[in-house]
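Chemist: I'll drop the sequence and a predicted model, then ask my questions.
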Amino acid sequence: MSDDESVSTATSADGTTDPATGQANSSRPRVKKQQFTRAGQPIDRRQRLRIPPHHVTKQTPHDRVRNWDEVYYGYTAGPAMFEAQRCIQCPAAPCTQACPVGNDIPGALAFLEIGKLADAAAVFRQTSEMPELCGRLCPQEALCEGSCVVGKNAKPVAIGKLEAFLGDWDREQRGGFPIPQPEIETGQRVAVVGAGPAGLAVAEQMRSAGHAVTVFEAWPSAGGVLRYGIPNFKTAKDIVDEKADALVAAGVEFRFDTRVGADVGWDELSRWDAVFLAHGASMGKQLGLEGERLAGVYSATEFLVRANLGEESLPTALRSRPHVGRNVVVVGGGDTSMDCVRSAIRLGANDVTLLYRRTENEMIGREEERRHAREEGVTFEYLTTPVRLIGKDGALVGIECVRMSLGEPDDSGRRRPQPMPGSEFVIDCDSFVVAVGYDVGRDLYGDSGIDINDWGEVIVDEQGRTSRPGVFAGGDNVIGADLVVTALRGAHQAIPAMFSYLEELQAERALAMAAG
């Protein structure tokens, strides 16, 4: 029964109706319709708005800066069920509309609140291949929770942490992620370039349909940004390992340390029936400053990879922790910059400073991440940008900065920062991390016949089709560096077109065989 269905008829308070129309007698008040959750339970929305939030516990700043464990401990079943009862089951579900993959959030929480955890987890898995990761990593305050009606007058329902709880609970019950179980083997082969979120999603769906899947990955292990870009204190790597293990158990082949365009040519890829490009955007942007090649200067990618992973997971050239020294400065304004400053604290730096050329109001990252960074001792220098890196004997010793003021809005809608003459100053610095964004890079495509734009991003239509027949793309290599959930959305947009293409190809081959 839906939200809008009623258990009453149009009757008056005394049960009488107008015999001519069958409608309630207008002289008496109408009976209020009984509303139901998506799991069929009666609901009183006004009563639910009075339910206080059930917060998850987390490590104290004092404790967490001394380890790399996840900050949040997460929900257990009881508190999660109580928190789910705060959902008022909006018929229009603005939270679902705000979710890039369209998770049926009210549907999942309706099952969760009555203890049907398996059903609740299944709702999330219908639209997301990795709810336990999206629940941890999505900027919910800008997506589902930012659209939560409860949040207009109180704390929004903790959708992200409930999603993460359900994903974790489901994996614990199963002993890992669900393993794709194809009903038939089609005999068709699909190549996936990149083992990040979009690539893993496509690999799962293609294998579930019975296609043989080969994933080419330039790094030594699967996960992409989930493994090599996101610190352990935000999501544990064993979740990524379990995801890859489930795909291997289903028959997906991974070829690691393999670069398409170098180790595998485009002509060789044409041996597969369909190809999905999901190699992301991992080339860190540079500032072009004097001194950027000094020892102690890092790109965000190199810094995070070396800081967060063990040697066995890294290429030989990166198998050592960065020596950060006492003073670390990071430039940037997104979540990656927060990952860098918080990693620097855990690496033992005494003073960590974040430079951002605008004010906090213009920052694009999560407020929660900034709050955690402040709690952990990071200093924020707003309206400040570096102009020169100062070296001594080939090593970084300081950064010359300038104060900024905000002018008219730029193309992004944010006010354009302008340097203030005479405001230069120097910060002593042992390590400097550039975290100002990522590019896709042009070198990969070469003579592939795949059209790219001026930023090196693959040009696709609404169904993820590239200019080369049989080659599809989605994720950061199409839209630029973005979220895990938007990478999944890019995969989901391409998957139906890939299925159609493979079916048409199979039909053409069957006709050719019949004619021959």
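Modeler: On my side now, so go ahead.
Chemist: packing partners for the one helix or strand Ala121 maps to?
Modeler: Using DSSP states H and E, Ala121 falls within helix 117-127. Contacts defined by 3 or more CB pairs under 8 Å, 6 or more residues apart in numbering; DSSP states H and E place helix 117-127 against helix 105-113, helix 131-137, helix 159-174. Every residue, glycine included, has its C-beta placed from N, CA and C.
Chemist: helix, strand or coil for Leu354?
Modeler: strand (DSSP: H, G, I helix; E, B strand; the rest coil).
Chemist: quick one on the thing from earlier: indicate which one of the helices and strands packed on helix 117-127 is closest to Ser320.
Modeler: For Ser320, the closest of the helices and strands packed on helix 117-127 is helix 131-137, at 26.9 Å, according to CB to CB.
Chemist: Can you show me the CA trace of the helix holding Ala121 as PDB?
Modeler: Provided in PDB are the C-alpha atoms of helix 117-127 (Å, rounded to 0.1, in the frame of the first residue of the first chain):
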ATOM      1  CA  LEU A 117      17.500  -5.400   7.800                       C
ATOM      2  CA  ALA A 118      18.000  -7.700   4.900                       C
ATOM      3  CA  ASP A 119      15.100  -6.200   3.000                       C
ATOM      4  CA  ALA A 120      16.400  -2.700   3.800                       C
ATOM      5  CA  ALA A 121      19.900  -3.500   2.600                       C
ATOM      6  CA  ALA A 122      18.500  -5.100  -0.600                       C
ATOM      7  CA  VAL A 123      16.700  -1.800  -1.400                       C
ATOM      8  CA  PHE A 124      20.000   0.100  -1.400                       C
ATOM      9  CA  ARG A 125      21.700  -2.700  -3.400                       C
ATOM     10  CA  GLN A 126      19.100  -2.400  -6.100                       C
ATOM     11  CA  THR A 127      20.500   1.000  -7.200                       C
END
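Chemist: Buried residues, it. List them.
Modeler: By 16 or more other CB atoms under 10 Å, the buried positions in helix 117-127 come out as Leu117, Asp119, Ala120, Ala121, Ala122, Val123, Phe124, Arg125, Thr127.
Chemist: TSV please, covering the residues you listed and showing pLDDT.
Modeler: Formatted as TSV, the buried residues of helix 117-127 follow (pLDDT from 0 to 100):
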residue	pLDDT
Leu117	99
Asp119	98
Ala120	99
Ala121	99
Ala122	98
Val123	99
Phe124	99
Arg125	98
Thr127	98
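Chemist: Name the nearest of those relative to Thr235.
Modeler: Once CB to CB is applied, the member of those that ends up nearest Thr235 is Phe124, at 16.2 Å.
Chemist: Averaged over its residues, which helix or strand of the protein has the lowest pLDDT?
Modeler: With mean pLDDT, DSSP states H and E as the measure, the helix or strand of the chain carrying the lowest mean pLDDT is strand 283-284 (a mean of 87).
Chemist: mind listing what the helix or strand following it pairs with, with the direction of each?
Modeler: Moving toward the C-terminus from strand 283-284, the next helix or strand (DSSP H and E) is strand 297-299. Next to strand 297-299 in the sheet, as set by DSSP bridges, lie strand 431-434 (parallel).
Chemist: For the partner strand, report the contacting residues that lie outside it.
Modeler: Outside of strand 431-434, the residues within contact range by CB atoms under 8 Å, 6 or more residues apart in numbering are 284-287, 292, 296-300, 303, 322-325, 327-332, 337, 340, 344, 349, 386, 389, 396, 399.
Chemist: What is the distance between it and the centre of its chain?
Modeler: With CA atoms, centre = their mean, to the nearest Å as the basis, strand 431-434 stands 24 Å off its chain's centre.
Chemist: Can I get that strand as PDB, trimmed to CA atoms?
Modeler: The C-alpha trace of strand 431-434 is given here as PDB (Å, rounded to 0.1, in the frame of the first residue of the first chain):
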ATOM      1  CA  SER A 431      56.500  19.900   3.100                       C
ATOM      2  CA  PHE A 432      54.000  21.400   0.700                       C
ATOM      3  CA  VAL A 433      51.100  19.500  -0.900                       C
ATOM      4  CA  VAL A 434      49.300  20.700  -4.000                       C
END
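Chemist: Show the subsequent helix or strand relative to the longest strand along the chain.
Modeler: Taking DSSP state E as the assignment, the strand of the chain that covers the most residues is strand 395-409. Sequence-wise, the next helix or strand downstream of strand 395-409 (DSSP H and E) is strand 415-419.
Chemist: which residues touch that following strand?
Modeler: Under CB under 8 Å, 6+ apart, the answer for strand 415-419 is 357-358, 362, 383, 385, 387, 402-410.
Chemist: which of these tops the neighbour count?
Modeler: Highest neighbour count within the contacts of strand 415-419: Arg357, with 24 neighbours (other CB atoms under 10 Å).
Chemist: Regarding Arg509, what is its secondary structure?
Modeler: Quick answer, by three-state DSSP: Arg509 is helix.
Chemist: ok, it - how many residues close by?
Modeler: Applying other CB under 10 Å, we find 13 residues neighbouring Arg509.
Chemist: for Ser221, same thing?
Modeler: Other residues lying near Ser221 total 20 when counted by other CB under 10 Å.
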